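Trainee: got a predicted model here, sequence first, then my questions.
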Amino acid sequence: MKRRHFLATTTAGAVATAGFGTPLLGRAAETINIGGLYPTTGSLALIGQGCVNAAKLAVQMVNDAGGIKSLGGAKLNLITSDVQSDPTVTRTETDRLISSNKLAAIHGCYASALTLIASEVAERAKVPLITGSSSDQLNKGRTFTFTPFARASQFAQAQLRMSHLVSEKPKVAVIFENTAFGTATSNGLKEQAPGENVEIVMFEPYSAGFTDASPLINKVKSSGANMLFSVSYLNDLILIVRTMKQLGANMPINGGSGGFVQPEFYKNVGKEAEGLLGVAHWNHDIDADAQRVSAAFQKQYGEFIFEYAGGLVAQTFMLADAMERAKSSDPQKVRDALATLDVSRGYAAMAPGGKVKFGPDGKNVYGHPVGVQWQHGDLASVFPSQEARKPLMKA
Amino acid sequence: MFSTVAQAVINGLLIGGIYALVSIGVTLIFGVVKVVNFAQGEFVMIGMYISFFLATKLGVDPLLSLAISMPALFLIGVLLQETLIRRVLGLGDMPQIFLTFALSLLLMNVALLLFTANYQTVHTAYSDASFQVGPVYVSVAKLIAFVVAMLLSGALWLFLHATDMGKAMRAAAQNRDVAMLMGINPNRVFSVAVGLALALAGAAGSLLMPFYPAYPTVGQVFTLMAFVAVILGTLGNVTGALIAGLMMGIAESLGIQFVGADSGLIVVFLMLLVTLAVRPSGLFGGWSR
């Protein structure tokens, strides 16, 4: 009895001093902390939780494969923090996470508006941050932020080019939610439309979280457009697509990124989602590694791994690759190793194009988006031709 | 042009029916019990989840589930009145506001815990169906929701005017003390009023389910619209809330069509401001209840 008590207290003490995730048995290899900042409560909770799930899966994959070998098989330990879909909380949580833990690197935060804040804090604290957020602003004046995937400006271009797949003379109605995400994306569309030979006949902001989409769709119908670009969060997009059907508005829809590429979208819209187009910075069919990751995710969570979460697995492997080469978990050294990352195979290269190498602005020089289409309940890559994994389905 | 306007008016009118149903509940509780119910939208959410689970687990059509969601919420309403609201009556505004506001937060977060933040939809044969009247498209699910909402409002009006309980309720709304002197049991009247108000919220939830996704914070949207409608239609006036709810639906729809898609609510609030400036007690202030 006494002995068991002794064991229990010493074990607890060891955990308390070394932090969670320390291997309790065998040789005490170093544990490397990685911070994950995601909104797991609030309006982005659904997606944030998916990101945390993917981050856990990724860490487990790295550890199961032997951890960081150049550091004696050191295991990664994920420390997550809830940024509550709120910019102010994001600032304090990023600060808290960095100051109360010895971190090698951070990833986060899904929403660009939140990532911009976290990357500012990480920059000051000199901790590298890797992210799938698409805002071009993340590449301005930062030396600790790395963005391995397509930028917002590239999304707009891909979306405009895709419109030529379904119409010879695209006349597009652009509707967008009126905060940072919608405004930035739609302005990108507006600026690049003339160069891509696309006519924008309606350009309309709306406030997210409306009760009824029919007035908005009525306006789209009367605009003379033959195609709709909707820059929307998930719930609005569900209502928009269903209302299009109810009001007899038969035109191709490009739902962009964000909510559109979530399995949740198809579950809610059903058959009406078939044939709809969108753009993504990652998709689960891009290569064999991505398909393996998606299968593992599906086994655990019941659905294919969505864009941001899949990219997050790749990001974790990029961090592991950097630590492997740096032979260190020191944030400055990890940052320097990330800056010279150049991969073209393995999970770290799991991106459209299959190559990752960061330029001086932290942008992947090979980064580009894929055009995707909902086909038989699955999201298939269809554009550009070298990334197409399925032929375009005619609606 | 004509068809665009006609379509906008029809769209607004149909969703206005739902606004009206939620607003009538709020105004009924305020009129009779003199408590502002900030949690009304959360009861719409509960109605939605009742219909959602009945539809997905037992295959019950959301419209038929009205027969379950309304009595269930009526009971919840009676319990709410007996156990919570009753204790804060006569203590002034603050405890009442805190009570219903806390209830709203509690219900949202319990729903988040139980049902997760996922959007849940029910697809019925008529969910996305519509028919054409001339150039105007009418959504079947929304039309059904509108018609049932109007029937329920009519039934409530009949109840308030043709039954003893209804008359007692109106009497209590006009002057609680005199009503008590006339032998009306206020506690019973209050329980029935809160029960009916919540039953209407539950009905709104079931009616929304075929064409609107359920999620834990869905009630917030409707609470906002309901409060505007209640003030526009004069606090405590059931007919006023009904008409104001419909007007707001149409105003919002026309606003989106002709002002801007993010300005639909501006038109609604402008309408509210003008009304308050001209008739501070609402459009139907001074009318009989």
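Mentor: Structure's in. What do you need? None of these values were measured; they are calculated from a predicted model.
Trainee: alpha carbons only for contacts and neighbour counts from here, please
Mentor: Fine.
Trainee: got the residues of the stretch 251-395 of chain A near chain B?
Mentor: Listed as neighbours of chain B in the stretch 251-395 of chain A under the rule Cα under 8 Å from any Cα of the partner chain: A:E264, A:N268.
Trainee: kindly apply the preceding question to the stretch 51-200 of chain A instead.
Mentor: Checking the stretch 51-200 of chain A against chain B by Cα under 8 Å from any Cα, the hits are A:N178.
Trainee: show me the shaky parts of chain A.
Mentor: A:1-28, A:209, A:395 (pLDDT under 70).
Trainee: quickly list the domain ranges of it.
Mentor: A:30-150+A:286-364, A:152-280+A:371-387 (automatic domain parsing).
Trainee: would you format those domains as TSV with distance to B:L73 included?
Mentor: As requested, the domains of chain A are exported to TSV (distance: least, Cα to Cα, whole Å):
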stretch	distance to B:L73
domain A:30-150+A:286-364	27
domain A:152-280+A:371-387	22
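Trainee: for the residue of the stretch 101-250 of chain A found nearest chain B, what are its contacts?
Mentor: Closest contact between the stretch 101-250 of chain A and chain B, by Cα to the nearest Cα, is at A:Y206 (3.8 Å). A:Y206 makes contact with A:I175, A:F176, A:E177, A:N178, B:G260, B:A261, B:D262, B:S263 under the criterion Cα atoms under 8 Å, 6 or more residues apart in numbering or on different chains.
Trainee: can you give me the distance of the last one to chain A?
Mentor: Yep, that's B:S263 we're talking about. According to Cα to the nearest Cα, to the nearest Å, B:S263 and chain A sit 8 Å apart.
Trainee: same thing with B:L112?
Mentor: From B:L112 to chain A the distance is 9 Å (Cα to the nearest Cα).
Trainee: how much space between the nearest residue to that residue once chain neighbours are set aside and B:P210?
Mentor: Nearest non-adjacent residue to B:L112, counting by Cα to Cα, 6 or more residues apart in numbering or on different chains: B:P216, 5.5 Å away. Taking Cα to Cα, to the nearest Å as the measure, B:P216 falls 17 Å from B:P210.
Trainee: report how many residues lie close to residue 110.
Mentor: Unless you meant another one, I'm taking chain A. 24 (other Cα atoms under 10 Å in any protein chain shown).
Trainee: sorry, should have said chain B
Mentor: 12.
Trainee: tell me the helix or strand right after whichever strand or helix holds it.
Mentor: Per DSSP states H and E, B:V110 falls inside helix B:93-115. Downstream of helix B:93-115, the next assigned helix or strand under DSSP H and E is strand B:130-133.
Trainee: now that following strand: average pLDDT?
Mentor: Strand B:130-133 shows a mean pLDDT of 88.
Trainee: for that strand, which helices and strands make contact with it?
Mentor: The elements that strand B:130-133 packs onto, with contact taken as 3 or more Cα pairs under 8 Å, 6 or more residues apart in numbering or on different chains; DSSP states H and E, are strand B:136-139, helix B:140-162.
Trainee: check which residues of whatever helix or strand comes next after the longest one are buried.
Mentor: Scanning forward in sequence from helix B:140-162, with DSSP H and E defining helices and strands, the next element found is helix B:164-174. In terms of neighbour count (16 or more other Cα atoms under 10 Å in any protein chain shown), helix B:164-174 has its buried residues at B:M165, B:G166, B:A168, B:M169, B:R170, B:A171, B:A172, B:A173, B:Q174.
Trainee: stretch B:217-233 now?
Mentor: Those buried within stretch B:217-233 under the rule 16+ other Cα under 10 Å are B:217-220, B:222-223, B:225-233.
Trainee: centre of the chain to stretch B:261-279, how far?
Mentor: Stretch B:261-279 has its C-alpha centroid displaced from the chain centroid by 20 Å (Cα atoms, centre = their mean, to the nearest Å).
Trainee: work out for me the element the closest residue to chain A within the stretch 151-289 of chain B sits within.
Mentor: Sorted by distance to chain A under Cα to the nearest Cα, the residues of the stretch 151-289 of chain B start with B:D262, at 3.8 Å. In the assignment (DSSP H and E), B:D262 maps to no helix and no strand.
Trainee: residues near it, how many?
Mentor: 19.
Trainee: go on, A:G141?
Mentor: A:G141, neighbours per other Cα under 10 Å, totals 12.
Trainee: and the closest residue to it other than its chain neighbours, how many residues sit next to it?
Mentor: Once flanking residues are discounted, A:G141 sits nearest to A:D361: 7.6 Å by Cα to Cα, 6+ apart. Residues lying near A:D361 (other Cα under 10 Å) number 18.
Trainee: okay but A:D361 is in contact with A:P148, surely?
Mentor: No. With contact defined as Cα atoms under 8 Å, A:D361 does not reach A:P148; the gap is 11.1 Å.
Trainee: now the element after the longest helix seen in chain B, going C-ward?
Mentor: Looking across chain B with DSSP state H, the single longest helix is helix B:2-33. Counting by DSSP H and E, the next helix or strand C-terminal to helix B:2-33 is helix B:40-58.
Trainee: and A:M251, that one's in a helix?
Mentor: No. Looking at A:M251 with DSSP: H, G, I helix; E, B strand; the rest coil, it is coil, so not inside a helix.
Trainee: I'd say it and A:K221 touch.
Mentor: No. Using Cα under 8 Å, A:M251 is not in contact with A:K221, being 9.3 Å away.
Trainee: neighbour count winner among those two?
Mentor: Per other Cα under 10 Å, whichever of A:M251 and A:K221 has more neighbours is A:K221, with 21 against 17.
Trainee: any idea how far the more buried one is from A:G248?
Mentor: Distance, A:K221 to A:G248, using Cα to Cα: 9 Å.
Trainee: count the residues that sit near A:G224.
Mentor: 13.
Trainee: whoops, I mixed them up, A:E93
Mentor: If we define neighbours as other Cα under 10 Å, then A:E93 has 19 of them.
Trainee: and the residue lying closest to it once chain neighbours are set aside, what does it touch?
Mentor: Nearest in space to A:E93, with sequence neighbours left out and distances taken as Cα to Cα, 6+ apart, is A:V83 at 6.4 Å. Each residue near A:V83 by Cα under 8 Å, 6+ apart is listed here: A:L37, A:Y38, A:P39, A:T40, A:T41, A:V89, A:T90, A:E93, A:C109.
Trainee: next one: the third one from chain B, what distance?
Mentor: By that I understand A:P39. Taking Cα to the nearest Cα, one finds A:P39 at 12 Å from chain B.
Trainee: just checking, that residue touches A:Q84?
Mentor: Yes. Counting by Cα under 8 Å, A:P39 does reach A:Q84; the two are 4.6 Å apart.
Trainee: also near chain A: which of the buried residues of stretch B:217-233, exactly?
Mentor: B:F222.
Trainee: that older thread, angle of the longest helix of chain B against helix B:140-162?
Mentor: Inter-element angle recorded for helix B:2-33 and helix B:140-162: 40 degrees (by axes from the mean of the first three to the mean of the last three Cα atoms, to 10 degrees).
Trainee: so the residue lying closest to the residue of the stretch 151-289 of chain B closest to chain A once chain neighbours are set aside bridges to which residues?
Mentor: Of all residues not flanking B:D262 in the chain, A:Y206 sits nearest, at 3.8 Å (Cα to Cα, 6+ apart). Note on A:Y206: beta-bridge partners by DSSP bridges are A:E177.
Trainee: buried ones in stretch A:153-164, by neighbour count?
Mentor: Result for stretch A:153-164 [16+ other Cα under 10 Å]: buried residues A:S153, A:Q154, A:F155, A:A156, A:Q157, A:A158, A:Q159, A:L160, A:R161, A:M162, A:S163.
Trainee: is it true that the third one touches A:P369?
Mentor: What that stands for is A:F155. Yes. At 6.2 Å, A:F155 counts as touching A:P369 under the criterion of Cα under 8 Å.
Trainee: what touches both of these two?
Mentor: Joint contacts of A:F155 and A:P369 (Cα under 8 Å, 6+ apart) are A:V279, A:A280.
Trainee: all helices for chain A, in order.
Mentor: According to DSSP H, the helices that chain A contains are A:2-18, A:45-64, A:87-100, A:112-125, A:152-166, A:180-192, A:214-221, A:234-246, A:263-269, A:288-301, A:307-326, A:331-339.
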